[in-house]
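Asks: Turn this into a structure:
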Amino acid sequence: MDSRTAPSRGGTRRTPGRAAPGVPPRLRGPAWLDGPMTSCHLVIGAAGLLLAIGLVMVFSASAIEAALNDESAWQPGLDQLVFAALGLVALVVAVRLPVGLLRRWSPVALVVVTVLLFAVLVPGIGTTYNGSRAWISLGFTDFQPSELSKLVLALWGAHVLALRGRHLTVKTLLLPLVPVFLVLSVLLIREPDFGAVVSLALVLFGLLHAGGAPWRVWALIGASGVTAVVLLVVTAPYRLERITAFLDPFADPTNTGFQAIRGFYALATGGLWGVGLGNSAMKWNLLPEAESDYIFAIIGEELGFLGCLVVVTLYAVLAYAGFRIAHRSADRFIQLASVAITVWLVGQAAMNMGYVVGLLPVTGVTLPLVSAGGTSLVLTLFIVGILIRFARSEPEAIEHARRAERSRLARWLLPVPAHAVDPVRPRRPRPRPRPPGGGGGPG
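Replies: Reported below is the predicted structural model:
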């Protein structure tokens, strides 16, 4: 007899999906939301729509300034389109990368990114922009090592915590994760790039949260963080200006509060429906960094509150998908890395939108997948590819993919992972040299 239709002890028959008498029904979403491929589809859909919105808005926000500088009005948008194409290639590569390979090479990547953060501080190697030496010129574009450091910390930290199992002590949770974070943060502050330090802290918080940090760890980190922020603000006048401008931007409307006030004007002008795509007035060289740091203000001006609501909703969907992957995965590394990456991406988006609307001090972080940027866009799409790879490693997703009929292109672009928990294979040891004059072995 099928247990789903077996009569209960009282003689009544219980039907599937119906709560027992006296038990309130549990709130359920639509059936498709519990499908085996839902995580993958949500990541692809939310990231794809954010990328499309970003491409359109970069074309709109950057055209006027480029024309005023005697450049082609289409050039910044075309550059963004090229980087988006490169980023999609990076996404496909990330989808095909074995999880074990990411884990095996994460310590090497940590050493490489640390060397790059040292190198960017060397005059002649690092390129200075807006008072920060944070880029390395590649000729056709500028590479920012701080963007790579966030991904590397997320993968390496997840690898280290996954090796130590689920029952972590405070010592094994914090060491060596926190010292490595401090070293990277010191190098970023030397650039200086305080926004990158905050983004790196989001990665650390995600790892500690997924690792099950107790409340005393959060209290210690909170007190240390507040102390560090106070010291950084006191020792650097420009950081203090950002704080005072955040508290009262209208106190100095022509200097420290100029950008924030123009952002407010853009949002207020947009209203509910917006002034229409391409009709922004603030992008006529009135709002600095309109296509990057403050692109959310241009979205609010041209597409209105509803356009901003769509962007916020898409980031919320991306957050739900990331935490869903962590919840449904059987691989401890994927659980930890998914939470860290999701907290970083969505947290950085929240910081950007927060300072545009005046809820947070200006940190200079960009809006992921939307703001103009070269290597940052390529790296973000690579991270999206990693999330897709993690989503396809869910046990139910693997079973579904093995049963479904798929075309050759689909099998090549989205291969089925061999295991839900990918083993970490050690790198091949170098063959030992034979002793001189010796043969192979005993005959």
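
Asks: Within the helices and strands, which one has Arg402?
Replies: helix 395-403 (DSSP states H and E).

Asks: could you pull out the strands for the stretch 101-250 of the chain?
Replies: Assigned by DSSP state E, counting those that start in this stretch, the strands in the stretch 101-250 of the chain fall at 126-129, 132-137, 142-143.

Asks: For Gly271, which of those is the nearest?
Replies: Closest to Gly271 of these, according to CB to CB: strand 126-129, at 34.3 Å. In this view, the C-beta of every residue, glycine as well, is placed from N, C-alpha and C.

Asks: Who are the packing partners of that closest one?
Replies: strand 132-137 (3 or more CB pairs under 8 Å, 6 or more residues apart in numbering; DSSP states H and E).

Asks: elements contacting the strand it packs on?
Replies: Other elements packing on strand 132-137 under the criterion 3+ CB pairs under 8 Å, 6+ apart are strand 126-129, strand 142-143, helix 145-163.

Asks: now these as JSON lines including mean neighbour count and mean pLDDT?
Replies: Below are the helices and strands packed on strand 132-137 laid out as JSON lines (neighbours: other CB atoms under 10 Å; pLDDT from 0 to 100):
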{"stretch": "strand 126-129", "mean neighbour count": "15", "mean pLDDT": "83"}
{"stretch": "strand 142-143", "mean neighbour count": "17", "mean pLDDT": "84"}
{"stretch": "helix 145-163", "mean neighbour count": "24", "mean pLDDT": "94"}
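
Asks: Mind checking these for the one nearest to Thr254?
Replies: Here strand 126-129 is closest among these (CB to CB), at 23.0 Å.

Asks: Pull the residues that contact that closest one.
Replies: Outside strand 126-129, the residues that touch it by CB atoms under 8 Å, 6 or more residues apart in numbering are Ala119, Val120, Arg133, Ala134, Trp135, Ile136, Ser137, Asp142, Glu191.

Asks: Quick one: buried ones out of the residues you listed?
Replies: Val120, Arg133, Ala134, Trp135, Ile136, Glu191 (16 or more other CB atoms under 10 Å).

Asks: Quick one: residues contacting the closest residue to the third one other than its chain neighbours.
Replies: This means Ala134. Nearest residue to Ala134, sequence neighbours excluded (CB to CB, 6 or more residues apart in numbering): Glu191, at 4.5 Å. Glu191 sits next to Val120, Leu121, Gly126, Ser132, Arg133, Ala134, Ser146 when contact means CB under 8 Å, 6+ apart.

Asks: sorry, back to before: out of the contacts of strand 126-129, which one has the lowest pLDDT?
Replies: On pLDDT alone, Asp142 ranks lowest of the contacts of strand 126-129, at 81.

Asks: between the contacts of strand 126-129, which is closest to Leu345?
Replies: Using CB to CB, the contacts of strand 126-129 come closest to Leu345 at Ala134, 19.7 Å.

Asks: Distance of that closest one relative to Val365?
Replies: According to CB to CB, to the nearest Å, Ala134 and Val365 sit 12 Å apart.

Asks: Check Met37 too.
Replies: Met37 is 32 Å from Val365, by CB to CB.

Asks: Of the two, which one has the most company?
Replies: Val365 (24 against 18; other CB atoms under 10 Å).

Asks: ok now do the nearest residue to Ile125 once chain neighbours are set aside, which residues does it touch?
Replies: In space, and not counting its chain neighbours, Ile125 is closest to Ala119: 5.1 Å by CB to CB, 6+ apart. Going by CB under 8 Å, 6+ apart, Ala119 touches Ile125, Gly126, Ile136, Pro145.

Asks: Next, format these as JSON lines and append distance to Tyr238.
Replies: Output for the contacts of Ala119, formatted as JSON lines (distance: CB to CB, whole Å):
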{"residue": "Ile125", "distance to Tyr238": "24"}
{"residue": "Gly126", "distance to Tyr238": "19"}
{"residue": "Ile136", "distance to Tyr238": "23"}
{"residue": "Pro145", "distance to Tyr238": "22"}
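
Asks: ok, so of those, who is nearest Ala162?
Replies: Pro145 (25.1 Å).

Asks: how close does the residue nearest to Ala90 when sequence neighbours are not counted get to Gly54?
Replies: Leaving aside its sequence neighbours, Ala90 sits nearest to Phe382 (CB to CB, 6+ apart; 4.1 Å). Distance, Phe382 to Gly54, by CB to CB: 16 Å.

Asks: Can you pick out the residue with more neighbours from the two?
Replies: The residue with more neighbours, out of Phe382 and Gly54, is Gly54; 25 against 22, by other CB under 10 Å.

Asks: In three-state terms, label that one for me.
Replies: The three-state assignment at Gly54 reads helix, by DSSP: H, G, I helix; E, B strand; the rest coil.

Asks: surely it meets Ser371?
Replies: Yes. Between Gly54 and Ser371 there is a contact at 6.9 Å, judged by CB atoms under 8 Å.

Asks: Excluding residues flanking it in the chain, which one is nearest Arg242?
Replies: Nearest residue to Arg242, sequence neighbours excluded (CB to CB, 6+ apart): Pro361, at 5.0 Å.

Asks: Isn't the one you found up against Thr244?
Replies: No. In terms of CB under 8 Å, Pro361 does not count as a neighbour of Thr244; the distance is 9.3 Å.

Asks: When those two are compared, which one has more neighbours?
Replies: Pro361 (19 against 15).
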